[in-house]
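*Asks:* Give me coordinates for this.
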Amino acid sequence: MALAPRLENPIEEWPYLDSEVLVKTRSRKVCMTCHWFRHHAGVNCIPVLTCQLHQGLIAHGEHLTSRCQGWTDDMTRQQGWAPEVA
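*Replies:* Take a look at the predicted model:
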């Protein structure tokens, strides 16, 4: 399975997502609004943008203008804030 070795690698070693995965969009459905989007403090506290679904890095700026076919609305928007206490 190709994913198993990648899970053991530090996030900074994940590959960058390319145009085969990310497509340009002009809607609110961009990486930054996706459930799978995360940002981490990298080396020297430089933000590292990631897609947990594809286990890949997102180039700065791409998170504002691109999305993949796996885009999913953030769970807090789907279920409301703190649904576990409802």
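
*Asks:* Can you measure across stretch 32-39, start residue to end residue?
*Replies:* 9 Å (CA to CA, to the nearest Å).

*Asks:* Could you check it and say which residues are buried?
*Replies:* 32-37 (16 or more other CB atoms under 10 Å). (Glycine included, C-beta is placed from N, CA and C.)

*Asks:* from those residues, which single one is nearest Q55?
*Replies:* W36 (9.8 Å; CB to CB).

*Asks:* Now tabulate the buried residues of stretch 32-39 in JSON lines and tack on secondary structure and distance to W14.
*Replies:* Shown next, in JSON lines, are the buried residues of stretch 32-39 (DSSP: H, G, I helix; E, B strand; the rest coil; distance: CB to CB, whole Å):
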{"residue": "M32", "secondary structure": "helix", "distance to W14": "18"}
{"residue": "T33", "secondary structure": "helix", "distance to W14": "21"}
{"residue": "C34", "secondary structure": "strand", "distance to W14": "16"}
{"residue": "H35", "secondary structure": "coil", "distance to W14": "18"}
{"residue": "W36", "secondary structure": "coil", "distance to W14": "13"}
{"residue": "F37", "secondary structure": "strand", "distance to W14": "14"}
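
*Asks:* Name the nearest of these relative to G70.
*Replies:* Using CB to CB, those come closest to G70 at W36, 6.9 Å.

*Asks:* So for that closest one, what pLDDT did the model give?
*Replies:* Per-residue confidence (pLDDT) for W36: 95.

*Asks:* Any idea how many residues pack against the nearest residue to it once chain neighbours are set aside?
*Replies:* With CB to CB, 6 or more residues apart in numbering as the criterion, W36 has its nearest non-adjacent residue at 4.0 Å, and that residue is L53. L53 has 17 neighbouring residues, counting by other CB atoms under 10 Å.
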